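Engineer: Would you be able to build a 3D model of this:
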Amino acid sequence: MAYGGYEAEDSTGTRHRAIKILLAGGFGVGKTTLVGAVSEIRPLRTEEPLTQSSALVDSTVGVERKTTTTVAMDFGRITLRDDLVLYLFGTPGQERFWFMWDELVVGALGAVVLADTRRLADCFPAIDYFERRDIPFIVALNCFEGSRRYSVEDVRVALDLDPGLPIILCDARSRESAKEVLIALIEHVLSVADEPVSR
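Structural biologist: Residues are numbered from 1 along each chain as shown. Alright, predicted model coming up:
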């Protein structure tokens, strides 16, 4: 498993390292919201209004108030140290835009699969995508107001996830909660990197 990183030197000769993280999940699960909550810069968004034509292919069940959709990606940045920057890329959720994932995943260190317990099946494609490519990921359950709460272990069973894969609760609107999600992912990536390779 080899993941790329980006290094550059500024005018003072200081080397800067960039870490790329993907944020994936179903339509309307809160990816754009999470990127906006945690980014230190104004996030890049590629949202377009939902149209009558898209209503024929994009189910809005459970997200009836949603009026826009991401058509390419969301992008945010977080400076961890003077020489270390995290770049966060949110993927589009609808199946017709999944071809973008293959471009966005290049060089990614790991991924967060954002899930909504009201529409849990919507995160299966993202889980399958990262499992097939052996890319470390965690699952973050976005706790929407009024939605039924389930235990982490019930969600683990429903998604058929390995016992060691982290599942955490989050509020995509909260900067602190979004930070905890990213910290959990980095810790998981580091723990996976430390595991001995089986032969």
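
Engineer: With adjacent residues omitted, what lies nearest to residue 127?
Structural biologist: When the adjacent residues along the chain are set aside, residue 127 lies closest to residue 113, with 5.6 Å between them (Cβ to Cβ, 6 or more residues apart in numbering). In this view, the C-beta of every residue, glycine as well, is placed from N, C-alpha and C.

Engineer: show me where pLDDT drops low in this protein?
Structural biologist: Across the chain, residues meeting the criterion (pLDDT under 70) sit at 1-16, 44-73, 93-99, 195-199.

Engineer: Could you tell me which helix of it is the longest one?
Structural biologist: The single longest helix within the chain, with elements called by DSSP state H, is helix 175-194.

Engineer: Pull out the buried positions in stretch 33-41.
Structural biologist: 33-39 (16 or more other Cβ atoms under 10 Å).

Engineer: returning to that earlier point: just list what the longest helix of the chain packs against, helices and strands only.
Structural biologist: Counting contacts by 3 or more Cβ pairs under 8 Å, 6 or more residues apart in numbering; DSSP states H and E, helix 175-194 is packed against strand 15-25, helix 31-38, strand 110-115, strand 137-142, strand 167-170.

Engineer: Can I get these in CSV including distance to residue 85?
Structural biologist: As requested, the helices and strands packed on helix 175-194 are exported to CSV (distance: least, Cβ to Cβ, whole Å):
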stretch, distance to residue 85
strand 15-25, 5
helix 31-38, 13
strand 110-115, 16
strand 137-142, 21
strand 167-170, 22
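
Engineer: out of these, nearest to residue 194?
Structural biologist: When those are compared for distance to residue 194 using Cβ to Cβ, the nearest one is strand 110-115, at 14.0 Å.
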